[in-house]
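**Q** Based on what follows, work out the 3D shape:
(chains A and B)
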Amino acid sequence: MIQRYFKVGGPQDEIRRHMLAFDSWPEWWPGVQTVKVLKDDPEQPLVAISIKTVTTIQMTLQFDCRDVNTIKFRQVKGWFKSYQGEYALMPSPDGSGTTVKITTELESGMMVPKGMVYTKLSATLAQLEEALNNRLGAQAVRGTKAPLATASRAAAAKPVETQAKPGVSRRKLGHVFSTREGLEVWVGGRPYLLRPVR
Amino acid sequence: MPTRSRQIPATLEELFAVLTDYEKYVDWSPDVVGAAVLVREGDIVVAEFQSPFLLEGKYILELVHSRPTSITYRQVDQHESRGLQGTWMLAAATGSAGTVVTGQMEFRTDLWKRTADRRRADRVLHRRIDALQAHAAALFRRGNAEPELADPSSFASLAEGQAVAVWASEVEYRFTRTDR
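**A** Just a heads-up that it's a prediction; the model follows:
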């Protein structure tokens, strides 16, 4: 099972709308080359997709969109022995955006190294975070978004280090520890050793 | 698995609160430069961290709380027990006030890096416990405020012309007392 979490700077319903706009996936979803909606059912659409990774993978996915917080999918025909999972959308605890939880289970079959498939799929999911944020950002630039949503995206897009409110949290610039070799100074999350020059 | 223990002059609840306030790790943990909570569902938290000495880029931990005595964490999105995992265990100190904090941390990347990964995890754990002790002492105003930290006045004790060198990215920097 592969799990991945990431935060997207936009409201849940907008992210869901983008994720269910299958026809536009090739414009922004990493690796997706073509999409053809075979059954345009709002609750359980059937979609044929080709994805470029190491090779080009063809598959037909059955989606289940009946739950407003999750989008489930299952391969009904395709390259993997089995492939299924879900995208769960949750409001972020700090209120500035949406947390996306992706759970994927796959069996690649005897001839395909599991580690390689896992690494490739993980890398693709990592790219999805940036792609989805970019997609939401691009839509906002075109003026299709409400100002409130744009503001919350901007807040979520800030690096995590800068999210603390000024004056509330005073952060040390560095940490100094005495060791037998000298002073061990941690700056920017990395250690440096200070030795007196004799 | 690298394991380190320390008795810290704070209550179980106080230390549990510090250790589960993940967004504040950047304030006291020397290796953490970024932290954000992504999901909070009761005693299960998913948080994103940046700790460049351990891993380049962001990594995600799933943390399970057993209030107020343990926190177990595991890096998500990892194949076959790779990545970062560990526990914080808290127990009331016997015979004196305070809490014994025990940290365990395992970090695994490639098989041929096993020794280096272990050493790296031990170093981070060691410094986190040092910093936790100092942070808790400062926060709760008990005990020695900076027990393991160097006295900043050691710089002031340098004679004129004497220097300390700082190496960063293969460059030597010298702090020299000039009295000017």
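
**Q** Closest to the centroid, which residue in chain A?
**A** Taking C-alpha atoms, centre = their mean, the centroid of chain A lies closest to residue A:129, which sits 3.0 Å from it.

**Q** List the residues that contact that one.
**A** Residue A:129 makes contact with A:6, A:7, A:8, A:100 under the criterion C-beta atoms under 8 Å, 6 or more residues apart in numbering or on different chains. (C-beta placed from N, C-alpha, C; glycine too.)

**Q** how near is the residue nearest to residue A:46 when sequence neighbours are not counted to chain B?
**A** Closest residue to residue A:46 apart from its sequence neighbours, by C-beta to C-beta, 6 or more residues apart in numbering or on different chains: residue A:39 at 3.7 Å. Counting by C-beta to the nearest C-beta, to the nearest Å, the separation of residue A:39 from chain B is 32 Å.

**Q** Residue A:39: how many residues sit nearby?
**A** By other C-beta atoms under 10 Å in any protein chain shown, the residues close to residue A:39 number 11.

**Q** Equivalent analysis for residue B:72, please.
**A** Residues contacting residue B:72 under the criterion other C-beta under 10 Å number 15.

**Q** OK, contacts around the nearest residue to residue B:83 once chain neighbours are set aside?
**A** What sits nearest to residue B:83 in space, not counting adjacent residues and going by C-beta to C-beta, 6+ apart, is residue B:75, at 3.4 Å. Residue B:75 is in contact with B:59, B:60, B:61, B:62, B:82, B:83, B:84, B:85, counting by C-beta under 8 Å, 6+ apart.

**Q** any chance of these in a markdown table, with pLDDT and distance to residue A:123 too?
**A** Shown next, in a markdown table, are the contacts of residue B:75 (pLDDT from 0 to 100; distance: C-beta to C-beta, whole Å):
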| residue | pLDDT | distance to residue A:123 |
| --- | --- | --- |
| B:59 | 92 | 14 |
| B:60 | 92 | 15 |
| B:61 | 94 | 20 |
| B:62 | 93 | 20 |
| B:82 | 83 | 15 |
| B:83 | 89 | 15 |
| B:84 | 94 | 19 |
| B:85 | 94 | 22 |
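
**Q** Out of those, which comes closest to residue A:114?
**A** residue B:82 (13.3 Å; C-beta to C-beta).

**Q** Nearest to chain A: which residue in chain B?
**A** residue B:30 (3.6 Å; C-beta to the nearest C-beta).

**Q** Confirm that that residue sits in a strand.
**A** No - secondary structure of residue B:30 (DSSP: H, G, I helix; E, B strand; the rest coil): coil, not part of a strand.

**Q** Need the pLDDT of the residue nearest to residue A:46.
**A** In this model, residue A:39 is scored at 94, pLDDT.

**Q** before we move on, the earlier item: surely the residue of chain B closest to chain A meets residue A:184?
**A** No - contact criterion C-beta atoms under 8 Å: residue B:30 and residue A:184 do not qualify, at 9.1 Å.

**Q** related to what we said a few turns ago, just the ones of the contacts of residue B:75 in strands?
**A** Among the contacts of residue B:75, the ones falling in strands (DSSP state E) are B:59, B:60, B:61, B:62, B:83, B:84, B:85.

**Q** Check the gap between the second one and residue B:120 for me.
**A** Relative to residue B:120, residue B:60 is positioned 19 Å away (C-beta to C-beta, to the nearest Å).
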